[in-house]
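**Student:** 3D model of this:
(one chain, ligands or ions: 1)
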Amino acid sequence: MVCGTANSANLGVTVHVEDDRVLGTVLLDTRHAGAPGFAHGGALAAIMDDLLGQVLIPLDRPGVTATMTVDFHAPALLGRTMDLEAWCERVDGRKLHMRGEIRDGETVVASGSALFIHVDVSHWETSGHALPPHWAGWGATADSKP
Ligand SMILES: CCCCC/C=C\C/C=C\C/C=C\C/C=C\CCCC(=O)SCCNC(=O)CCNC(=O)[C@H](O)C(C)(C)COP(=O)(O)OP(=O)(O)OC[C@H]1O[C@@H](n2cnc3c(N)ncnc32)[C@H](O)[C@@H]1OP(=O)(O)O
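**Tutor:** Numbering: from 1, shown residues only. Take a look at the predicted model:
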């Protein structure tokens, strides 16, 4: 619902990995409004969760969000391309401590920190839905198995 291109309700986030960091952009519009002209904080929180979750890819650790804090530092205006950046601050066994920012130019609009927990991909089999084929092997290089 945030970055998935197969989902027509996605928020239009695009990301890529550079070294160990996730960088990206998002451009919110009236569909994502809270007050007129301003992005809804919940949209920013969803973006932050997804952004921090993308760090699981360079970490090569499947994981889920256990807890997340989003600090809103400045209003996020609609119709502006905002920059996204996230990284892993610390790995402590299965605990993956992520941090990230949503910026409008030089202004940090929101910062986030989250604890992700490393899980085996079988975690998602409990829904009864088939896993995407490319998830096979995800986590193969992780040195701390769940
Ligand atoms: C998520 C990816 C899905 C999409 C993937 C798509 C593409 C694949 C490619 C890459 C990924 C890309 C993007 C990511 C996209 C989206 C990101 C969004 C992520 C989500 O939107 S994800 C959904 C919301 N999320 C949940 O649905 C979690 C529900 N939950 C559970 O499934 C369990 O709760 C679990 C597994 C978390 C733990 O359960 P468990 O039994 O395995 O382990 P346990 O409870 O023993 O915890 C072990 C140690 O973590 C500590 N701990 C646990 N929880 C804590 C908390 N809240 N606060 C502080 N500490 C906590 C304990 O205190 C213990 O610490 P200690 O070892 O020191 O005692």
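**Student:** and the residue in the chain that the ligand sits nearest to, backbone torsions?
**Tutor:** Proximity of the chain to the ligand (Cβ to the nearest ligand atom) peaks at residue 53, 2.5 Å away. From N, CA and C alone the C-beta is placed, and that goes for glycine too. Torsion angles at residue 53 (phi, psi; degrees, to the nearest 10) stand at phi -60, psi -30.
**Student:** Quick check: it touching residue 116?
**Tutor:** Yes: using Cβ atoms under 8 Å, residue 53 makes contact with residue 116 at a distance of 7.0 Å.
**Student:** Now the common contact residues for the two.
**Tutor:** Common neighbours of residue 53 and residue 116 (criterion: Cβ atoms under 8 Å, 6 or more residues apart in numbering): 63, 65, 98.
**Student:** Which of these ranks first by neighbour count?
**Tutor:** residue 98 (27 neighbours; other Cβ atoms under 10 Å).
**Student:** Looks to me like that residue is in a helix.
**Tutor:** No: counting by DSSP: H, G, I helix; E, B strand; the rest coil, residue 98 is located in no helix; its state is strand.
**Student:** Dig out what it forms beta bridges with.
**Tutor:** Applying DSSP bridges to residue 98 yields these beta-bridge partners: residue 88, residue 114.
**Student:** How about the contacts made by it?
**Tutor:** Neighbours of residue 98 in contact, by Cβ under 8 Å, 6+ apart: 52, 53, 55, 86, 87, 88, 89, 112, 113, 114, 115, 116.
**Student:** Select from those the one having the most neighbours.
**Tutor:** Highest count within the contacts of residue 98 by other Cβ under 10 Å belongs to residue 52, 28 neighbours.
**Student:** Isn't it up against residue 65?
**Tutor:** Yes: if you go by Cβ under 8 Å, residue 52 and residue 65 touch, sitting 7.4 Å apart.
**Student:** and this structure, which residues reach the ligand?
**Tutor:** 49-50, 53-54, 56-57, 64-67, 94-95, 115, 117, 119 (Cβ under 6 Å from any ligand atom).
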